Structure formats: structure tokens, C-alpha cells
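below are the sequence and a predicted model for it; my questions follow.
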Amino acid sequence: MKIGSTLFRRHRMEWGMMSRTHVHWIVGDGLPEHSAVLEAVPGVGNVGKILVDSLVSKHPSRTLGWILNHDFPPHSTFDTDGLMRPPRMEITSVLLPDGQTVIVIGGEMQPMTSAGQHEVAEEILRICSESSTPMLLVLAGLASGSEDKGIHVICADDGVRRSLEKDDIPVSRERPEAGMIGVAGLLVSLSSLFGVKAFALVAETMGASTDVLAASRLAHWIENGLDLPLDLDMDSTEETAKKLMETYEISNSLEDALGMENTEADNDEAENPVIFPLLDSEGIPYQRLLLAVSYTHLTLPTKRIV
């Protein structure tokens with residue numbers, strides 16, 4: 001960790017002053033004691049997002065703060081009290097049935113530019129580093145066939161990999177072959193620079209907008225593999241998926257109103273949303289998703305793309 005901490009300090013000196021990411025703390029000024037941080041945003045099958053949203057809905061929870069960045073899509077929304085809130089990712093503490101606390105970081109979006117995604121990922125890692133987070137779990141989905149039900153563990157640090165394999169947790173060295181994009185991939189790949197123990201848990205999914213079964217498989221894997229009693233049932237995840245679909249219907253209407261659906265990226269990514277293809281298990285694009293609404297974390301081999 002000493003090497004990681006040194007790299008973290010150097011990294012902040014060189015790049016930190018340029019960040020446009022701000023954390024607005026609602027409770028305290030940092031993370032309370034916790035067993036893990038779970039991060040997820042909309043993506044393939046919304047696997048991770050269904051899981052973290054279900055945790056927040058089912059168990060005692062409270063919002064600790066907001067992560068704000070200039071490159072979030074300009075879409076402010078009402079909260080549960082009917083107050084207009086800015087585009088953000090939320091930091092939430094969740095009390096599990098056995099008394100452990102986990103931190104959930106997520107939201108309805110991530111920044112629309114690569115610069116914004118780097119800034120948000122670095123801020124999350126800074127928070128985890130300063131809070132001595134025991135482990136950061138990045139939750140995502142991987143588009144695959146209907147018979148594929150695996151969960152891939154991915155990390156960027158050899159020490160983390162040895163620790164996981166010592167606990168009989170196999171770590172993927174090949175999939176997803178084309179790597180990870182967005183905040184999810186940056187959290188994993190930059191984690192060692194900040195001295196944070198982080199790894200991704202990637203559940204295979206058919207790529208439906210809300211894959212409840214894949215989210216349930218992922219929850220059971222975390223309970224059994226990492227001894228975190230999430231205590232989520234199918235009813236919880238199905239209810240969360242239903243609410244998520246309602247949110248996306250509103251978001252899609254907003255895209256149409258703003259004329260964003262057919263926007264093409266140009267050289268100035270700060271002025272135009274970036275659109276990435278969602279790929280199937282053969283590397284063929286079958287759907288294009290607006291970054292602000294349902295931006296995929298992962299890609300598969302792209303050699304057949306022309």
C-alpha cells in the first residue's frame with residue numbers, strides 16, 4: 001500500500017488540480033466505517049444497478065453525499081420529497097441484516113465525456129483511499145448468449161489477484177477480451193495507483209434492459225464468495241427493475257425532446273454526447289445506447305466490426 005499511496009499523492013499533484021468533480025457531503029465529510037463499497041451505473045442488463053438499488057430500497061439506508069461533475073447530462077430530477085436535484089451520482093450507506101455497513105455509489109448516469117469519466121473515477125478512488133475502504137466492488141454486466149450464466153472477476157493488481165485466488169476465487173485473465181469502458185473500467189484499472197483493493201464482478205447477461213436473474217446471481221455470488229449478507233430476494237430485484245424501466249421511459253422522452261437521439265460525436269466531445277455500440281457475444285452491435293442513459297460498461301471482441 002505504501003507504493004500505491006506514493007503514486008496516489010504524485011497523481012493528485014500532477015492531475016488533481018484539473019478535476020471538475022465535486023463531492024457535496026450531506027452527512028459528515030467522509031465515509032463511515034464500512035465493510036465494502038459497491039459501485040454500479042446503468043449498463044448491459046443493468047445488472048449492477050438493479051443490485052445496488054435493491055439494497056438501498058430494502059435495507060435501512062441514508063444518502064451521505066453527491067458526486068457532481070460538469071459533464072453529467074443536463075438533466076435535473078425530482079427527489080422523493082418533490083425537490084429538484086442536480087444530475088449526480090449518490091453515495092449511500094446501507095445497513096445489512098448482520099450489522100455490517102456497505103457503501104453504495106451509483107446513479108442514473110455517468111459523465112458524457114472521457115475526461116468527466118476519468119475525473120469521477122479518480123474522485124471515487126480518492127474517497128476510498130482516504131477512508132481505507134477494505135474492498136471496492138465494481139458491478140457490471142457482459143452481453144452473452146442465453147445459456148451463459150457465469151460471473152467474471154477482474155482486477156488490475158497482482159497482489160489483489162493473489163489474495164482472491166488464495167480464497168479460491170478464480171480471476172479472469174481473458175474476458176471481456178476487448179476490456180472495459182467508462183467509469184467501471186477506470187475504477188478497476190486505476191485502483192492500484194490509489195492503493196485501493198478493487199475488482200470488478202461481471203455477470204453474463206442476455207443484454208435485456210433489466211436482467212433480474214443476472215442481478216440475483218450476482219447477489220448470491222457476493223454473499224457466498226465475499227461473506228456479505230445482502231439478503232436480496234427475487235421480489236426485491238423485480239420491484240427495482242420495474243422502477244428502473246419507468247425511469248428510462250422518462251429519460252428516453254427527454255432525449256427526444258432535446259434532439260439528442262441522433263447526435264454524432266465530433267472532435268469536441270465536451271459539446272456532444274458520445275455514443276458507443278453495445279456488442280453481442282460475437283462482437284456484432286445490436287443496439288446503440290446513449291451514454292447518459294444506458295451506457296455499457298463492457299465490450300466484446302471488435303475484430304468483426306467494420
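Arrived safely, thanks for sending.

contacts and neighbour counts: CA atoms only from here.
Will do.

who touches stretch 74-83?
Stretch 74-83 has contacts (CA atoms under 8 Å, 6 or more residues apart in numbering) with 84, 85, 86, 87.

just the buried residues of the residues you listed.
Among the contacts of stretch 74-83, the ones that count as buried by 16 or more other CA atoms under 10 Å are 86, 87.

closest one of the contacts of stretch 74-83 to residue 45?
residue 87 (22.0 Å; CA to CA).

next, that closest one: phi, psi?
phi -60, psi 140 (degrees, to the nearest 10).

swap in residue 194?
phi -110, psi 0.

so how many other residues sit close to it?
Counted with other CA atoms under 10 Å, the neighbours of residue 194 add up to 27.

so it sits against residue 129, correct?
Yes - using CA atoms under 8 Å, residue 194 is in contact with residue 129, at 6.2 Å.

circling back: what's the closest of the contacts of stretch 74-83 to residue 67?
Looking across those and measuring by CA to CA, the closest to residue 67 is residue 87, at 8.9 Å.

and the gap between that closest one and residue 181?
According to CA to CA, to the nearest Å, residue 87 and residue 181 sit 21 Å apart.

where are the low-confidence patches of the protein?
1-18, 145-148, 207-209, 234-306 (pLDDT under 70).

so which residues of it form strands?
22-25, 36-40, 61-68, 77-78, 84-85, 89-95, 101-106, 136-143, 151-155, 198-205, 275-279, 285-290 (DSSP state E).

the third one: which residues count as buried?
Burial within strand 61-68, assessed by neighbour count using 16+ other CA under 10 Å, is assigned to 61, 63, 64, 65, 66, 67, 68.

with stretch 126-146 instead?
Buried-residue list, stretch 126-146, by 16+ other CA under 10 Å: 126-129, 132-133, 135-144.

ok, now stretch 104-115?
So for stretch 104-115, counting by 16+ other CA under 10 Å, buried means 104, 105, 106, 107, 108, 109, 110, 111, 112, 113, 114.

which stretches of the protein form helices?
2-15, 47-58, 114-130, 158-166, 182-190, 212-226, 234-258, 291-294 (DSSP state H).

can you count the residues close to the spatially closest residue to residue 233 that is not a sequence neighbour?
Nearest residue to residue 233, sequence neighbours excluded (CA to CA, 6 or more residues apart in numbering): residue 216, at 7.4 Å. By other CA under 10 Å, 22 other residues sit near residue 216.
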